[in-house]
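A.B. asks: Just need the structure, nothing else, for what follows:
(one chain, ligands or ions: 2)
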Amino acid sequence: MFNDIQEVLYTEEQLQTKIKELGETLSRDYEGRNPLVICVLKGAFIFMADLVKNMTIPLELDFMAVSSYGTATKSSGVVKILKDLDVPVEGRDVLIVEDIIDSGLTLSYLIDVLERRNANSTRVVALFDKPVRRTVGLEADYRGFELPDAFVVGYGLDYAEKYRNLPFIGILKPEVYSN
Ligand code: XMP
Ligand code: MG
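C.D. replies: Ligands and ions are numbered 1, 2, ... in the order given. Presented below is the predicted three-dimensional model:
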């Protein structure tokens, strides 16, 4: 598994330091608002777990699964809800937890859905961002790291469902997915 990684971009320790900072900022910004923190499955599951452990305020969690990628490395442009939320978002302060923003299609679709359901506020925290890949005008309200335009895996992110359990984020060797 480690042999398929070309380069480690951020180590486990660097990720944890940043997530702690994000947790502290979010705790201040959402103090007294009981936010509904939504994990976008599957990629954000590790980030979500580490993030909420660093949030020191009352909050609620829910999970949503969407698909825009299949097992390929490029967006199909089609976003499908595979698993919807269990609770209504009407009147709630919603914080969407995303692993990575690439084209921005997935998030702009999700924000749209939640706003149509009358959330009081909808913000996004993304651990990783590839700004050069953006095709729709969308920025995360809170962001961890900017990444180069390379396919990355680890820390929740997969290629064909593998590598999610790597504790760091790294660039996959192109030959792993180009053949
Ligand atoms: P969009 O293009 O809608 O894509 O912003 C967001 C989703 O695409 C996936 N994604 C990646 N997954 N390595 C991955 O494992 C990557 O480099 C990568 N870039 C985008 C991811 O699921 C994200 O939620
Ligand atoms: Mg994926």
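A.B. asks: How about the helix or strand of the chain with the lowest mean pLDDT and ligand 1, any contact?
C.D. replies: Using mean pLDDT, DSSP states H and E, the weakest-scoring helix or strand in the chain turns out to be helix 174-178, at a mean of 84. No: on the criterion CB under 6 Å from any ligand atom, helix 174-178 is out of touch with ligand 1, staying 10.0 Å away. In short, each C-beta sits where N, CA and C put it, glycine included.
A.B. asks: Alongside ligand 1, which residues does the chain contribute?
C.D. replies: So far as CB under 6 Å from any ligand atom goes, the chain lies against ligand 1 at 43, 68-69, 75, 98-106, 151-153, 157-159.
A.B. asks: how about a cut-off of 8 Å?
C.D. replies: For the chain, the residues in contact with ligand 1 (CB under 8 Å from any ligand atom) are 40, 42-44, 66, 68-69, 73, 75, 79, 98-107, 109, 128, 130, 133-135, 147, 150-153, 157-159, 163, 172.
A.B. asks: Would you mark the buried spots in the least confident helix or strand of the chain?
C.D. replies: residue 176 (16 or more other CB atoms under 10 Å).
A.B. asks: Outside of it itself, which residues are in contact with it?
C.D. replies: 4, 6, 73, 151, 159, 160 (CB atoms under 8 Å, 6 or more residues apart in numbering).
A.B. asks: what number of residues lie near the fifth one?
C.D. replies: Residues contacting residue 159 under the criterion other CB atoms under 10 Å number 18.
A.B. asks: helices and strands around the helix or strand containing residue 107, which ones?
C.D. replies: Counting by DSSP states H and E, the element that carries residue 107 is helix 105-116. If you count contacts as 3 or more CB pairs under 8 Å, 6 or more residues apart in numbering; DSSP states H and E, helix 105-116 packs onto strand 60-67, strand 93-101, strand 121-129.
A.B. asks: any idea of the angle the second one forms with strand 121-129?
C.D. replies: So the one you mean is strand 93-101. 20 degrees (axes from the mean of the first three to the mean of the last three CA atoms, to 10 degrees).
A.B. asks: Next, the buried residues of the helix holding residue 107.
C.D. replies: 105, 106, 107, 108, 109, 110, 111, 113, 114.
A.B. asks: Any regions of this protein where pLDDT drops low?
C.D. replies: Applying pLDDT under 70 to the chain picks out residues 69-77, 179.
A.B. asks: biggest helix in it by residues?
C.D. replies: helix 12-29 (DSSP state H).
A.B. asks: Now that helix: buried residues?
C.D. replies: Applying 16+ other CB under 10 Å to helix 12-29 flags 15, 18, 19, 22, 23, 26 as buried.
A.B. asks: And stretch 130-144, by the same measure?
C.D. replies: 130, 133, 138, 140, 142, 143, 144.
A.B. asks: what's in contact with that stretch?
C.D. replies: Contacts for stretch 130-144 (CB under 8 Å, 6+ apart): 15, 18-19, 22, 25-26, 98, 100-105, 107-108, 111, 123-129, 146-149.
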